[in-house]
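S.K.: Fold the following and give me the result.
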Amino acid sequence: MFEVLPQLAPDPILGLSASFREDTNPAKIDLGVGVYKDEQGNTPIMTSVAKAQQILLERETSKTYITPQGHQGYIDGMLKLLLGENSKVMLADRVAAVQAPGGCGALRILSELLARCGDNLKVWVSDPTWANHIPLIGSAGLQIETYPYFDKAAAGINFDAMMETLKQTGKDDIVLLHGCCHNPTGADLTNAQWDEVLKLAQEKGFLPFIDVAYLGFGDGLEEDAYGIRLLAENLPEVIIAASCSKNFGLYRERTGLAAIVTNDSATRKIAQGQIQSVARGIYSMPPSWGGALVDIILSDTALKDEWTTEVNEMRNRMSDLRTMLVNKLAENGAQKDFSFLNTQKGMFSFLCITPEQVREVRAKHSVYFVDSSRVNVAGINQQNVDALAKALVSVL
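M.R.: As a prediction, the model looks like this:
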């Protein structure tokens, strides 16, 4: 039966990781896969998470299934984190939500739910966007359209072109927006630009689909939630896919949240049943461990404060790494001005170099990142930044 299946090309990011592992150069540098790394190149368990694990080990008494929607404490804690402690939509009982297997699971659940709402629905995604957005959403049967977002030549957001394109949308269209720390570019909308997006959504009636995978890595946990809260508080409907992989370091625990802000509480009840039905048809029950850990952290004042401090430290370190790289590039004679990197936020940055230059720096210097020129800033450290800067300057 399987003889009829065609050979597929390797996933560009996972394939890059395989090439990195096979490279025998002891000075090789990995800036590809999006995981946070410390100065030693490790992805550690956060101290707050380690403490929560000890609590959970003592507290957990069974391995039976959790409820289909997931840990309610986790859901409530995440919604408060995303929408605010005194969110009007939560107080009005307008939010349906389920714990999902990671941010990818949340994206797919919401996409499958949208597919139940009508035929040939369009989802507009930014150009560029995270590569996996397209298969996750498209495989649910939704049409993919793109809107301009990042201008490589200007090394910044082309907001005017973005808004002109989104003026073409209608009330049955969905617009995917990155809540903060845009992947792959690191270029985020300003608060004023979020305000303009809100006005356009009110005018055109499109449904915002917000993917937030890096809350706290941009300007801060509260600051990064501006766009999410603005749209949720001022529109009748918004959907949100959230991930705890990055800001809680729970990559392998696959801990996410799929949330739907509805027009009223009666619709919320319908949406809650529908989203649980979608989940039942895909994976049946959510995994427990990661959600339970986040529940413990967010419901304990001391642990939440410790976790917040750790998120702040990671954010500040990545900001410092950007500055360090910009300075090293200048010191090594780069003719290109890379100061735009300091305006980018989160785990990723766009170097705005050509695919040919990316492949050359990989072949000649064993520096690995994807052809779009997206680099994982957290892969930079004091030990490799000089070699990285020299390698980049050599191919400019």
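S.K.: nearest spatial neighbour of residue 389, skipping sequence neighbours?
M.R.: Distances taken as C-beta to C-beta, 6 or more residues apart in numbering place residue 328 nearest to residue 389, at 3.7 Å, with adjacent residues excluded. The way it works is simple: take the backbone N, C-alpha and C, and place the C-beta from them, glycine included.
S.K.: Relative to the whole chain's centre, how far out is whichever helix or strand the one you found is part of?
M.R.: Using DSSP states H and E, residue 328 sits within helix 301-331. Chain-centre distance of helix 301-331: 17 Å, with C-alpha atoms, centre = their mean, to the nearest Å.
S.K.: same question for that helix, mean pLDDT?
M.R.: For helix 301-331, the mean per-residue pLDDT is 97.
S.K.: cool, stretch 161-180 as well?
M.R.: On average, stretch 161-180 scores 97.
S.K.: In three-state terms, label residue 258 for me.
M.R.: In three-state terms, and counting by DSSP: H, G, I helix; E, B strand; the rest coil, residue 258 is strand.
S.K.: The helix holding residue 328: which residues count as buried?
M.R.: By neighbour count on 16 or more other C-beta atoms under 10 Å, the buried set for helix 301-331 is 303-304, 306-308, 310-311, 314-315, 317-319, 321-322, 324-326, 328-329.
S.K.: Can you show me the strands along the chain?
M.R.: 29-30, 95-101, 122-127, 143-148, 150-151, 156-157, 174-178, 207-212, 238-243, 255-261, 348-350, 367-368, 374-376 (DSSP state E).
S.K.: Save those strands as JSON lines, and put in mean neighbour count and distance to residue 50 too.
M.R.: Formatted as JSON lines, these follow (neighbours: other C-beta atoms under 10 Å; distance: least, C-beta to C-beta, whole Å):
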{"stretch": "strand 29-30", "mean neighbour count": "23", "distance to residue 50": "25"}
{"stretch": "strand 95-101", "mean neighbour count": "26", "distance to residue 50": "21"}
{"stretch": "strand 122-127", "mean neighbour count": "20", "distance to residue 50": "36"}
{"stretch": "strand 143-148", "mean neighbour count": "16", "distance to residue 50": "40"}
{"stretch": "strand 150-151", "mean neighbour count": "18", "distance to residue 50": "37"}
{"stretch": "strand 156-157", "mean neighbour count": "18", "distance to residue 50": "38"}
{"stretch": "strand 174-178", "mean neighbour count": "24", "distance to residue 50": "30"}
{"stretch": "strand 207-212", "mean neighbour count": "23", "distance to residue 50": "25"}
{"stretch": "strand 238-243", "mean neighbour count": "26", "distance to residue 50": "20"}
{"stretch": "strand 255-261", "mean neighbour count": "28", "distance to residue 50": "16"}
{"stretch": "strand 348-350", "mean neighbour count": "26", "distance to residue 50": "26"}
{"stretch": "strand 367-368", "mean neighbour count": "24", "distance to residue 50": "30"}
{"stretch": "strand 374-376", "mean neighbour count": "25", "distance to residue 50": "23"}
